[in-house]
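S.K.: just coords:
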Ligand SMILES: Nc1ncnc2c1ncn2[C@@H]1O[C@H](COP(=O)(O)OP(=O)(O)OP(=O)(O)O)[C@@H](O)[C@H]1O
């Protein structure tokens, strides 16, 4: 995946650019910077969710996104929350649920699961598409320290097992090291990649 961003404008104001970022399968980077600098906006552009920018997005990597909110289908059971959006088979979905510690929860609805369990389900769903690069936007925010540490450990295991790359948006300066991700800082106005 390569993004060459000349500029991104919101409401007549240039908020990002110029900047360039290239991430390949197996490489891990973290996008850091203060609130409102444009981290999520850059991730959405990379994910192909925002096409309203001046620049070029290239590469044929398969991407999967994990947002801060798990964004699950509330009227579908946990297992279906993996198979329906991704098209993966039931055995794969069960295996991924086991890998994130959710064996036995296959038949539960999201509302019957804790936030930590819902986040782990969203993580399993992301890996069900066999991504080349995983995109994560503050996936460990608003979890208690123990649950966050567990999620980080699971993410690391899944990344290592799958060989996927990572682009991780966070303002927690400790997380990049725990995920062995190269920290990249956004700063300035409009924001660019520093250093
Ligand atoms: N849909 C939108 N319309 C107009 N402005 C927006 C929109 N989305 C974001 N912005 C503005 O773009 C800037 C960057 O927002 P963005 O959410 O990317 O920042 P961030 O670094 O991810 O912040 P945080 O860490 O708080 O999530 C902010 O000034 C924000 O107000």
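M.R.: Now that the structure is in, tell me what you want to look at. All of these numbers come straight from a predicted model, not from anything done at the bench. Numbering: from 1, shown residues only.

S.K.: same for the longest helix seen in the chain, what does it pack against?
M.R.: Ranked by residue count, the top helix of the chain under DSSP state H comes out as helix 145-162. Helix 145-162 is packed against helix 90-99, helix 115-128, strand 133-137, helix 175-178, with contacts defined by 3 or more C-beta pairs under 8 Å, 6 or more residues apart in numbering; DSSP states H and E. (Each C-beta comes from the backbone N, C-alpha and C, glycine too.)

S.K.: wait, which of those is closest to residue 27?
M.R.: Of all the helices and strands packed on helix 145-162, strand 133-137 sits nearest to residue 27, with 8.3 Å by C-beta to C-beta.

S.K.: Tell me how far that closest one lies from the chain's centre.
M.R.: Computed by C-alpha atoms, centre = their mean, to the nearest Å, the chain-centroid distance of strand 133-137 equals 3 Å.

S.K.: Show residues contacting it.
M.R.: Residues outside strand 133-137 that contact it (C-beta atoms under 8 Å, 6 or more residues apart in numbering) are 1, 23-25, 39-40, 43, 46-47, 61-68, 126-127, 155, 159, 164-169.

S.K.: how does it look with 7 Å?
M.R.: Contact with strand 133-137 is made by 1, 23, 25, 40, 43, 46-47, 61, 63-68, 126, 159, 164-169, as judged by C-beta atoms under 7 Å, 6 or more residues apart in numbering.

S.K.: Take these and keep only those in helices.
M.R.: Going by DSSP H, the helices hold 40, 43, 46-47, 126, 159 from these.

S.K.: so how far is residue 43 from the residue positioned nearest the centre of the chain?
M.R.: Per C-alpha atoms, centre = their mean, the C-alpha nearest to the average position across the chain is that of residue 136, at 1.7 Å. As judged by C-beta to C-beta, to the nearest Å, residue 136 and residue 43 stand 8 Å apart.

S.K.: Find the residues that touch each one of the two.
M.R.: With C-beta under 7 Å, 6+ apart, residue 136 and residue 43 have common neighbours residue 169.

S.K.: Mind checking what helix or strand follows the helix or strand where residue 9 lies in sequence?
M.R.: Using DSSP states H and E, residue 9 falls within strand 2-10. Later in the chain than strand 2-10, the nearest helix or strand by DSSP H and E is strand 13-16.

S.K.: Show me what that following strand is packed against.
M.R.: Judged by 3 or more C-beta pairs under 7 Å, 6 or more residues apart in numbering; DSSP states H and E, the packing partners of strand 13-16 are strand 2-10, helix 39-47.
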